[in-house]
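A.B. asks: Any chance you could fold what I've pasted below:
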Amino acid sequence: MFKKIKGFGLPLLFILPVAGFFTSLFNIRSKSSAFIYIAFAMLFGYAISFSDASSDSHRYAEAFSRFDNTLNYNAIVQLYRNGELRDMYRLLLFYFVSLFSNNPKVVYAFASLVYGIFSYLSLLIFVRERGNRWDKYVLVLGLIFFTMISLANVNSFRFNTGALVLFYSTYQFVIKRKTIWVLGILITPLFHYGIILMVPVLLLYKLLERILNNKDKINSWLFYAFVLAFAVSWVLGSNTINLGFLSQADVFSGAVGARMKYVNSLEVSNLVEGRNGSSIFLTLQKAFGYGIKIYVFVAALFIRYWLKIATGNKTEYIRLFNFILFFYTVAFIASSIPSGGRFLNIGHMFMILLLGKFYAVYRGKQIKNLLTWAIPVFSFHIAFINFMLPFLILSHTFWYGNLFWIIIEGLSFQVL
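C.D. replies: Below is the predicted model of the structure:
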């Protein structure tokens, strides 16, 4: 039945793209669905309206309108090497698009192309790990995972694209042991400078993997470190950890070091606290973030208990769980740094994968209750990212127009 439905995906992509996209999800593994998913991602980026002056997309559109297109590829690379740029991806994208267009919609179309590829590849990981059966509990996990890789996240394409590349590369390199994907991890700071904090941590884990992993049992040290980091994360204030020594030691220099120093300053700490206190949205986001942290902790306790009593070959589950404990330990501490909490979303993606793997083989009452509680816990993020954010950033035509209407409407767009 699903294969018959997905057959309408390609025609619908031209007639009503939104319907074509959702139709393609019925058989996501097929090549035609892959094409529809990624093509729709490009259209999604192209349809961003840039009407919200507070959005990242609006700031990037303004930055592109001021871009010095006399810079060439070699000049941009040299600027980065000299420490004058925090990351390269955005400027390289600007340079490429400026060769044939001055329309920021085209910039976002190509940014969404890259994001869409890794969003699709990440979704394939979930589909393969969750097993062959579908029911309402798998649907809950799928909705949460889809929220983490939602196309709406392309609004802030620098960090969010880098995060997806980091997730996919880490999965292939650490979990599947495909050595070539270390290159994927190494290039992630080119998307966003902040990701550079996680690169040495992941490489360290890989170096210590044989010591940290025992195929028969969970690493107790990793579990206790996870518990300690979880507890400490509740009392750490904003910017409790001083990263100034990294720039002083020339670990991060130039534009990256200066930005790290600024983000880690008292000025930014006060700014963050002030925003949290004055914005209902940020207050709700923070409150639901606390709920997700508690949920993750409870899920980890459940998984640890299940792995202790389960029989049979548990090696694959234990390896993934040990890595998740390690990643969350680092992410909990990193969350004390402004914007460092975004690393938790990558941890959530790995946790959802593991819960999907568990549910594929164990469908007891306890895990069903755990998955049921995920709905209210993640409800704010699901509602905002999948519904509110797209309506805020996309043109109205996107929801009811055909492919050609949407494209033609944006051809003459200019930043005011």
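A.B. asks: how about the strands in this structure?
C.D. replies: Using DSSP state E, no strands are assigned anywhere in the chain.
A.B. asks: which helix in it runs the most residues?
C.D. replies: When the chain is parsed with DSSP state H, its longest helix is helix 280-309.
A.B. asks: from the middle of its chain, how far away would that one be?
C.D. replies: Distance of helix 280-309 from the chain centroid (C-alpha atoms, centre = their mean, to the nearest Å) equals 18 Å.
A.B. asks: same question, stretch 120-130
C.D. replies: 14 Å.
A.B. asks: Please identify the buried residues of that stretch?
C.D. replies: 120-123, 125-127, 129-130 (16 or more other C-beta atoms under 10 Å). Glycine gets a C-beta too; all of them are placed from N, C-alpha and C.
A.B. asks: ok, residues contacting that stretch?
C.D. replies: 28-29, 34, 37-38, 41, 138, 141-142, 145-146, 149, 164, 167-168, 171, 349, 352-353, 356-357, 359-360 (C-beta atoms under 8 Å, 6 or more residues apart in numbering).
A.B. asks: any weak-confidence spans in this structure?
C.D. replies: Scanning the chain for pLDDT under 70 picks out 1-7, 82-85, 215, 237-278, 338-340, 416.
A.B. asks: rerun at 80
C.D. replies: Along the chain, the model assigns pLDDT under 80 to residues 1-9, 68-87, 131-133, 214-216, 236-279, 311-312, 336-341, 414-416.
A.B. asks: returning to what we had before: output the buried residues of stretch 120-130 as TSV; include the columns distance to Leu190.
C.D. replies: Shown next, in TSV, are the buried residues of stretch 120-130 (distance: C-beta to C-beta, whole Å):
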residue	distance to Leu190
Tyr120	21
Leu121	18
Ser122	19
Leu123	23
Ile125	22
Phe126	26
Val127	28
Glu129	28
Arg130	31
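A.B. asks: with those in mind, which one is nearest to Trp373?
C.D. replies: Lowest distance from Trp373 to those (C-beta to C-beta) belongs to Arg130, with 18.3 Å.
A.B. asks: Spell out which residues sit in contact with the closest residue to that closest one other than its chain neighbours, please.
C.D. replies: Counting by C-beta to C-beta, 6 or more residues apart in numbering, Gly356 is the residue found nearest to Arg130 once chain neighbours are left out, at 3.6 Å. By C-beta under 8 Å, 6+ apart, the contact list for Gly356 reads 126, 129-131, 138, 141, 145.
A.B. asks: Leaving out chain neighbours, which residue sits closest to Met349?
C.D. replies: Taking C-beta to C-beta, 6+ apart as the measure, Met349 lies nearest to Met148, with 5.0 Å between them; neighbours along the chain are not counted.
A.B. asks: quick one: the one you found and Phe50, what's the gap?
C.D. replies: Per C-beta to C-beta, to the nearest Å, Met148 is found 25 Å from Phe50.
A.B. asks: which of these two has more neighbours?
C.D. replies: When Met148 and Phe50 are compared for neighbours, Met148 comes out ahead with 23 against 20, by other C-beta atoms under 10 Å.
A.B. asks: wait, doesn't the more buried one sit right on Asn345?
C.D. replies: Yes: using C-beta atoms under 8 Å, Met148 is in contact with Asn345, at 5.7 Å.
A.B. asks: most remote residue from this protein's center?
C.D. replies: Here the chain reaches farthest from its C-alpha mean at Thr311, the gap being 33.8 Å by C-alpha atoms, centre = their mean.
A.B. asks: Could you report the separation of that residue from Gly364?
C.D. replies: From Thr311 to Gly364 the distance is 14 Å (C-beta to C-beta).
A.B. asks: ok, the residue nearest to Arg130 to Val140 distance?
C.D. replies: 10 Å.
A.B. asks: If we ignore the residues flanking it in sequence, what's nearest Leu320?
C.D. replies: Sequence neighbours aside, Leu354 is the residue nearest to Leu320 in space, at 5.3 Å (criterion: C-beta to C-beta, 6+ apart).
A.B. asks: thought Leu92 was touching Ile76?
C.D. replies: Yes: under the criterion of C-beta under 8 Å, Leu92 makes contact with Ile76 at 6.1 Å.
A.B. asks: Count the residues that sit near the closest residue to Ser112 other than its chain neighbours.
C.D. replies: Leaving aside its sequence neighbours, Ser112 sits nearest to Gly45 (C-beta to C-beta, 6+ apart; 2.8 Å). Around Gly45 there are 27 other residues, counting by other C-beta under 10 Å.
A.B. asks: Next: Leu353.
C.D. replies: Number of residues near Leu353 (other C-beta under 10 Å) recorded here: 23.
A.B. asks: Quick check: closest non-adjacent residue to it.
C.D. replies: Residue nearest to Leu353 in three dimensions, not counting chain neighbours: Glu129, with 5.1 Å by C-beta to C-beta, 6+ apart.
A.B. asks: Okay, and which of the contacts of Gly356 map to helices?
C.D. replies: Among those, the residues falling in helices (DSSP H) are 126, 129, 138, 141, 145.
A.B. asks: Val165 contacts Thr188, doesn't it?
C.D. replies: Yes: if you go by C-beta under 8 Å, Val165 and Thr188 touch, sitting 5.3 Å apart.
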